Every structure is written in structure tokens, then in C-alpha cells.
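Trainee: Need coordinates for the below:
(chains A, B, C and D)
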2 protein chains.
Amino acid sequence: MANQRADARRNYERILEVAGTVVAEQGTQASLREVARRAGVGLGTLYRHFPTREALLEVLLRQRFDGLADKARSLEDSQDPGAALEQWLRQFLAGSTTYRGLAASMLATIEDEASPLHASCHAMREAVGRLLTRAQEAGRVRSDVDRTDLFALVSAIGWLSDQAPAMADRADHLFGLVMDAVKA
Amino acid sequence: MANQRADARRNYERILEVAGTVVAEQGTQASLREVARRAGVGLGTLYRHFPTREALLEVLLRQRFDGLADKARSLEDSQDPGAALEQWLRQFLAGSTTYRGLAASMLATIEDEASPLHASCHAMREAVGRLLTRAQEAGRVRSDVDRTDLFALVSAIGWLSDQAPAMADRADHLFGLVMDAVKA
DNA sequence: ACCTGAACACCGTTCAAGT
DNA sequence: ACCTGAACACCGTTCAAGT
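Mentor: Predicted coordinates for the structure are as follows:
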């Protein structure tokens, strides 16, 4: 990392920066060719740094997961565990609708034990697990619901928001329904 | 329709038949080139009969919607309106997980007033609307839930099933949670 | 070490040329 | 009237050639 050539490091950073922009514009299916083009870099250079599209997306996702993990930890002291969990899930939903395909990418990464982001996800999963356990112990959430159910249902609402503006408009309502489903 | 050339009609039927197979194998994103190839037809012929991928999928979807509309009508006489609605939604879910991308296509078509399948969808929507109203009048379903909420939530579970085997494995459980969400 | 872009094998879509 | 496939403009991915 530290001992790589300066141009290589610059290219890496530049690709990531441009990828962030292009993915925000076009979603996770954005053209990698266009990323290379706009980064002013050869196509091979992009592939050298990020062998797969996943590898590129994963780096973009890492900050997102770390931020969500921090948020979960900061909510652990809340006096109202039910509200704390709901607040965190709402933040997760908001984050997963930033661009098209993100909800699917996040869900895939969360459930992928082999992902390079496993450490980062693990921290987030653990923190959310504690929020969930506390909410369940307070009798606010059904005991037959686990973390994965929550990630799945909220990601699904994120996906719905991608499908049509009419769906995005009722995302709040659907989120409310799902929260009611989960409550004890 | 009736006065078209015999070869044209044969091609139309052949393309549809092959498209059904290929889409079942590869999902809604299947290569149209491969459909034409396997149908033994020029690429231009496929485009002449089906100007867009949507046009092709729509024909494949039509039978599905008609079948679901029939099913809804047959459930209208049930003594248990809550169970009838749930049974129909379960069938909708089963149907929407037949191949990858189907849940998204169905949801898009249902919500698209301009679709050529509008008539077909309309019949289904009306029938489901009656099932829903009866369930609500029987006090079994929340009054703040509409048809679109149901289509959205169940399609979302269909989408989840596409994302990973682990999700497909818990589709029943998630369906149960959503049903509880919707109940009065 | 690292970068570059041509090369390959695919797409979707259009349209001139055929029958 | 309809069919065909070459042509065009894109992809993702690899890799020989350069610095």
C-alpha cells in the first residue's frame, strides 16, 4: 500500500472518485468503460486496481457500512430500544436508496461471508444485533425475527423505491407496515 | 391477425415459444439474439414482431395475469375472506418467482396504465380489489392498506428470493411477516 | 511495476437488400 | 408483406506491447 508507485496510487484514488460520481448518476450497472474514460485512465488500469465490478462497489460500500455501524453503536444507549432500532432501519433505508441497485448490492454484501467487506459488515451486523436484542428484551419486537429478516425487508423497500416513482412515494408507508409486522 | 402471411404467423408463434424457454432459463434479461438464433429466425424478424423486449415479455405475462385473475374470481365466494386473500397472494408470490426478473416485470406492468396488458391487469386488479375489500369489511385486513401495497410487498419478497438462495429459503417466513403486517 | 489500448466475444437496434 | 443479416455503437474482459 504505502510502497506502491505514486502514479498507481493516484490512479486508484482517481478511479474511485470518478466511480462514485458515475455510479451515483447511473447506478451499480454503470459502464466501467465510462468510469475509465472519465478518470482519464486506460481500461486495463481500472481492471488492475479492481478486478471485478464487485471489488469497485465494495470500496464504495465500505464507508456506508462503517457509517451505519457507528450510527448503530450510538443508538445502543437509547432509553427506547424499539425506537432506536426503527431509527436505525430508517437510516439504512435512506442510505440504500441513494442510487439504483444499491439496495441489492448492500444486501448481497451483508449476506456474503466471503466478501472483503466481511469485517466491516460484521461490525455493523453485531451492532444491529445488539439493537435488535435489546428491542426484543423490551418486548417491542417479535422474538421470531432476526437481523437478516430486517436487512431483507428494508432492502426490499429500497428495491421497490428503485422500480417506480409511485413506489418511492409510498416507501414511508411500506416501511411503516414492515415496522408494524416486526413489532411484538 | 387472421390475414397475415402464414410464415409470419409461424415465426411469431415460434419466437414466443422459444422466448418462453430462454427466459425461463436466463430470466428477463435473456439475450434476444439468442432467442432469434434458437428460433431459427433473423434478428430483424424478432424485432418486427416484438419491437421492444417489453413487448415480448408482455405476451409471456398475459397468460400469467389472466390465470391469476381467474384464481382471484374463484376465491371471491370463500367464507373466509382473510384466508382467501392470503391464499391468492401466496399464489401471486409463487408465480412471480418462476424466473429471475419476473417479479420486477410483473410489478412494472401492473402499475403501468399505458401497458398493452392494461386490460388484462385491470381484470386482475379489480378481482383482487374485491378480495381485499371483503377482507377489510370482515375486519381481517387494515383499512390503510390498498392493492398496490399488497402487490408491492409480495413482489418485493419475490425479488428477495431472486437475490440469494438464503433469501428464497426464508421467503415463506417473510411472507408470513408481511401478512401479519397487513392484518387488522 | 505499472499503464495503455487494441483485440475478442458478446450485446441491442436499425435498415438496405432480398424474396 | 415479410425476412435476412450486415452494420453500427456500445459492452466486459484480456493481454501483448510499451514506459
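Trainee: tell me what the helix or strand where residue A:13 lies is packed against?
Mentor: Assessed by DSSP states H and E, residue A:13 sits inside helix A:6-26. With contacts defined as 3 or more Cβ pairs under 8 Å, 6 or more residues apart in numbering or on different chains; DSSP states H and E, helix A:6-26 has these neighbours: helix A:32-39, helix A:43-49, helix A:53-74. C-betas here are computed from N, CA, C, even on glycine.
Trainee: List the buried residues of the shortest one.
Mentor: The neighbour-count criterion (16 or more other Cβ atoms under 10 Å in any protein chain shown) identifies A:45, A:46, A:49 as the buried residues of helix A:43-49.
Trainee: Verify the stated contact: the second one with residue A:38.
Mentor: No: judged on Cβ atoms under 8 Å, residue A:46 makes no contact with residue A:38 at a distance of 10.8 Å.
Trainee: Need the pLDDT of whichever residue of chain A sits closest to DNA strand C.
Mentor: Going by Cβ to the nearest atom of the strand, DNA strand C is nearest to residue A:44 of chain A, at 2.1 Å. Predicted confidence (pLDDT) for residue A:44: 97.
Trainee: Redo the helices and strands packed on helix A:6-26 as JSON lines? Include distance to residue B:66.
Mentor: Supplementary listing: the helices and strands packed on helix A:6-26 in JSON lines, determined by distance: least, Cβ to Cβ, whole Å:
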{"stretch": "helix A:32-39", "distance to residue B:66": "42"}
{"stretch": "helix A:43-49", "distance to residue B:66": "47"}
{"stretch": "helix A:53-74", "distance to residue B:66": "39"}
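Trainee: Among these, which comes closest to residue B:142?
Mentor: helix A:53-74 (29.8 Å; Cβ to Cβ).
Trainee: circling back to that earlier point, same list (the buried residues of helix A:43-49) but as a markdown table, adding distance to residue B:109.
Mentor: Shown next, in a markdown table, are those (distance: Cβ to Cβ, whole Å):
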| residue | distance to residue B:109 |
| --- | --- |
| A:45 | 42 |
| A:46 | 37 |
| A:49 | 41 |
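Trainee: what about the residue nearest to residue A:100 when sequence neighbours are not counted, distance to residue A:54?
Mentor: Of all residues not flanking residue A:100 in the chain, residue A:27 sits nearest, at 3.1 Å (Cβ to Cβ, 6 or more residues apart in numbering or on different chains). According to Cβ to Cβ, to the nearest Å, residue A:27 stands 15 Å off from residue A:54.
Trainee: try residue A:26
Mentor: Distance, residue A:26 to residue A:54, by Cβ to Cβ: 17 Å.
Trainee: Have a look at those two and say which one is more surrounded.
Mentor: Just comparing residue A:26 and residue A:54: by other Cβ atoms under 10 Å in any protein chain shown the higher neighbour count belongs to residue A:54, 18 against 15.
Trainee: State the pLDDT value of that one.
Mentor: pLDDT at residue A:54 comes out at 94.
Trainee: Over to residue A:9?
Mentor: At residue A:9, the model reports a pLDDT of 94.
Trainee: Which phi and psi values does residue A:141 adopt?
Mentor: phi -130, psi 140 (degrees, to the nearest 10).
Trainee: beta partners of it?
Mentor: residue A:183 (DSSP bridges).
Trainee: got a list of what it touches?
Mentor: A:82, A:85, A:132, A:135, A:182, A:183, A:184 (Cβ atoms under 8 Å, 6 or more residues apart in numbering or on different chains).
Trainee: Report the separation between residue A:33 and residue A:50.
Mentor: 13 Å.
Trainee: ok, the two, which is more surrounded?
Mentor: Using other Cβ under 10 Å as the criterion, residue A:33 and residue A:50 rank with residue A:50 on top: 20 against 10.
Trainee: Okay, residue A:158 and residue A:60: tell me how far apart.
Mentor: Note on residue A:158: its distance to residue A:60, by Cβ to Cβ, is 16 Å.
Trainee: State which one residue of chain A is found closest to DNA strand D.
Mentor: residue A:44 (3.0 Å).
Trainee: The helix holding residue A:13 near DNA strand C anywhere?
Mentor: Yes: using Cβ under 7 Å from any atom of the strand, helix A:6-26 reaches DNA strand C at A:7, A:8, A:11.
Trainee: hmm, back to that, of the contacts of residue A:141, grab the buried ones for PyMOL.
Mentor: To isolate the buried subset of those in PyMOL, counting by 16+ other Cβ under 10 Å, use the following:
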select buried, chain A and resi 82+85+132+135+182+183
